[in-house]
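# sequence below, structure please.
(chains A, B, C and D)
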There are 2 protein chains.
Amino acid sequence: MKTDMRIVKTKEALHEALLTLLDEKSLETISITELCRTARVNRGTFYLHYGRVEDVFEEYFREITADLAVSYQEPYRHVAVLKTSELDPDTIRIFHHVKKYERFYRIVFSKNVPLQYYYLLFEEVKGLLLTDPEAEVRVGIDAGLFSAYQANAIIGMLLHWCQHDFSYTVDELNRQLVRIVSAGTTGQ
Amino acid sequence: MKTDMRIVKTKEALHEALLTLLDEKSLETISITELCRTARVNRGTFYLHYGRVEDVFEEYFREITADLAVSYQEPYRHVAVLKTSELDPDTIRIFHHVKKYERFYRIVFSKNVPLQYYYLLFEEVKGLLLTDPEAEVRVGIDAGLFSAYQANAIIGMLLHWCQHDFSYTVDELNRQLVRIVSAGTTGQ
DNA sequence: AATTTTATTGAACAGTTGTATAGTAAATGA
DNA sequence: TCATTTACTATACAACTGTTCAATAAAATT
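Numbering: from 1, shown residues only, chains lettered A, B, ... in the order given. Sure, this is the predicted structure:
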């Protein structure tokens, strides 16, 4: 059975209202009452679907992280983007993606926002690494631990990028990632 | 001039009350009113020093991350703990530290908590890496970006550890880190 | 010990939160 | 098209939030 049209309408109204309000103020300062007033949705209805304003934002952000995955799945020139060896700056798509949705990632990485979005991104990037064709696990290294290490390392670059107001160019970051990864940590 | 004794007393009362309440319920569910009632501090007084319950927790957590730094500064056997080369499992202290304060890190890494604590930890670990005696920056690699990469990679392991209910032993993690780092990413 | 400074208190305010209930409206499916 | 199901609304409630204020108490300064 498909979802009730009324639910779709309610959610769309809340999504739209959230975007409108985000143009004026920060996510933390948007109250449920205010969001519902803007969306012309009863506050009780809100609680039927969500618990906090942040949950509405999360619904949005899931679509965005899905875009991240999609851009990797298309096999044209973006294959094996996060291959940790034989890494080519032109095949790395993650910085493009983040730049494209910079406005959202500024929110995701802002300090008063809950960790839930961070985990969403973390899981997404880990997933990309695990579907990496070169996933020949090294002996003695825990695969889960390793992908957590690698994925979060890249997110660390994103955090740094955001902290510096996204002032690096995408190409610059691609080159830096290649250097850091291919330099490894032993072969200085 | 030193801080007023009344302020110290008020803050201690709030700290104590927060610990008491954290034994029973999660951080997000503790209201300002409840915290003040427990601490026997007027709610208006709370707003004189803090804005949210989380800010009281942050004050605590700062002491804990300070302990992380201290354990590295003592030059006995813990020197150069996060040296990225010549890494010895016995010199790595970060997993010991996190295990010691597991109760706090469970909160810091829980999904409804604001990113502010994460950044506190991120900055602390980055600081440890930057004071690394081996900080001979490789040519063409941005030092800030590199330490962000490395620091967050390690925190990625912590996230994974927490997600798996801290079931790895400290020694196991130390060994894994050594393997991951010293295997590098090129020399498969 | 007396004076000045300032942290804390208690009270009050409008607005928000989370929850519940009964009535209404709209979508679904036969 | 009609009956059934279910999402939505309006309203109400107690508790919490963020802020302000005059009064008080307790520090710091002389």
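# for the residue positioned nearest the centre of chain A, list the residues it contacts.
Geometric centre of chain A, nearest residue: A:L121, 4.1 Å, by C-alpha atoms, centre = their mean. Contacts for A:L121 (C-beta atoms under 8 Å, 6 or more residues apart in numbering or on different chains) come out as A:65, A:108, A:155. The way it works is simple: take the backbone N, C-alpha and C, and place the C-beta from them, glycine included.
# among those residues, which ones are buried?
A:65, A:108, A:155 (16 or more other C-beta atoms under 10 Å in any protein chain shown).
# tell me the predicted confidence for the last one.
Per-residue confidence (pLDDT) for A:I155: 98.
# and it, that's in a helix?
Yes - using DSSP: H, G, I helix; E, B strand; the rest coil, the assignment for A:I155 is a helix.
# please parse chain A into its domains.
A:1-51, A:54-183 (automatic domain parsing).
# where among those is average confidence lowest?
domain A:54-183 (a mean of 86).
# between the two ends of that one, how far is it?
Length of domain A:54-183, first residue to last, C-alpha to C-alpha, to the nearest Å: 40 Å.
# before we move on, back to that, for the residue nearest to the centre of chain A, give me phi and psi.
phi -70, psi -40 (degrees, to the nearest 10).
# next helix or strand past the helix or strand encompassing A:C162?
Assigning secondary structure by DSSP states H and E places A:C162 in helix A:143-163. The C-terminal neighbour of helix A:143-163 among helices and strands, as given by DSSP H and E, is helix A:170-183.
# so A:R106 makes contact with A:Q163?
No - in this structure A:R106 lies outside contact range of A:Q163 using C-beta atoms under 8 Å: 10.7 Å.
# about what we covered before: closest one to chain B out of the buried ones among the contacts of A:L121, please.
A:I155 (6.0 Å; C-beta to the nearest C-beta).
# returning to what we had before: okay, the residue nearest to the centre of chain A and B:C162: tell me how far apart.
16 Å (C-beta to C-beta, to the nearest Å).
# neighbours of the nearest residue to A:K126 once chain neighbours are set aside, how many?
Counting by C-beta to C-beta, 6 or more residues apart in numbering or on different chains, A:K126 lies nearest to A:A151, which is 4.3 Å off, once chain neighbours are set aside. For A:A151, the neighbour count with other C-beta atoms under 10 Å in any protein chain shown is 26.
# any residue of stretch A:5-14 up close to DNA strand C?
Yes - contact of stretch A:5-14 with DNA strand C is found when judged by C-beta under 7 Å from any atom of the strand, involving A:5-6, A:9.
# could you dump the buried ones among the contacts of A:L121 into TSV and include distance to DNA strand D?
Listed next are the buried ones among the contacts of A:L121 as TSV, based on distance: C-beta to the nearest atom of the strand, whole Å:
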residue	distance to DNA strand D
A:T65	25
A:V108	21
A:I155	29
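# can you pull the contacts of A:V170?
A:95-96, A:99.
# with secondary structure, distance to A:S26 and neighbour count added, can I get those in CSV?
Compiled in CSV, these are given as follows (DSSP: H, G, I helix; E, B strand; the rest coil; distance: C-beta to C-beta, whole Å; neighbours: other C-beta atoms under 10 Å in any protein chain shown):
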residue, secondary structure, distance to A:S26, neighbour count
A:F95, helix, 25, 23
A:H96, helix, 26, 17
A:K99, helix, 21, 15
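# for DNA strand D, state which of the residues you listed is nearest.
A:K99 (33.1 Å; C-beta to the nearest atom of the strand).
# for chain A, which segments are assigned as helices?
Counting by DSSP state H, one finds helices in chain A at the ranges A:5-22, A:32-39, A:43-49, A:53-73, A:94-100, A:102-108, A:116-130, A:143-163, A:170-183.
# ends of stretch A:126-143, what's the gap?
Span of stretch A:126-143 from end to end, C-alpha to C-alpha: 11 Å.
# likewise for stretch A:31-49?
End residues of stretch A:31-49 are separated by 16 Å (C-alpha to C-alpha).
# wait, does it make contact with DNA strand C?
Yes - using C-beta under 7 Å from any atom of the strand, we find that stretch A:31-49 touches DNA strand C at A:31-34, A:43-44, A:47.
# can you pull the buried residues of that stretch?
Quick answer for stretch A:31-49 (16+ other C-beta under 10 Å): A:35-36, A:38-39, A:41, A:45-46.
# circling back to that earlier point, go through the helices of chain A and pick out the most buried.
helix A:143-163 (a mean of 22; mean count of other C-beta atoms under 10 Å in any protein chain shown).
# so how far is it off the chain centroid?
12 Å (C-alpha atoms, centre = their mean, to the nearest Å).
# just stretch A:25-40 next, same as before
23 Å.
# give me the residues contacting that stretch.
With C-beta under 8 Å, 6+ apart, stretch A:25-40 has contacts from A:10, A:13-14, A:16-18, A:20-22, A:42-43, A:45-46, A:52-54, A:56-57, A:107, A:110, A:112-113.
# so which of those residues reach chain B?
Counting by C-beta under 8 Å from any C-beta of the partner chain, A:110, A:112-113 from those sit close to chain B.
# doesn't A:L173 make contact with A:F95?
Yes - A:F95 lies in contact with A:L173 (C-beta under 8 Å); the separation is 4.6 Å.
# any residues in contact with both of these two?
A:W161.
# what is the end-to-end distance of stretch A:27-41?
End-to-end for stretch A:27-41, by C-alpha to C-alpha: 19 Å.
# any residue of it up close to DNA strand D?
Yes - on the criterion C-beta under 7 Å from any atom of the strand, stretch A:27-41 is in touch with DNA strand D at A:40-41.
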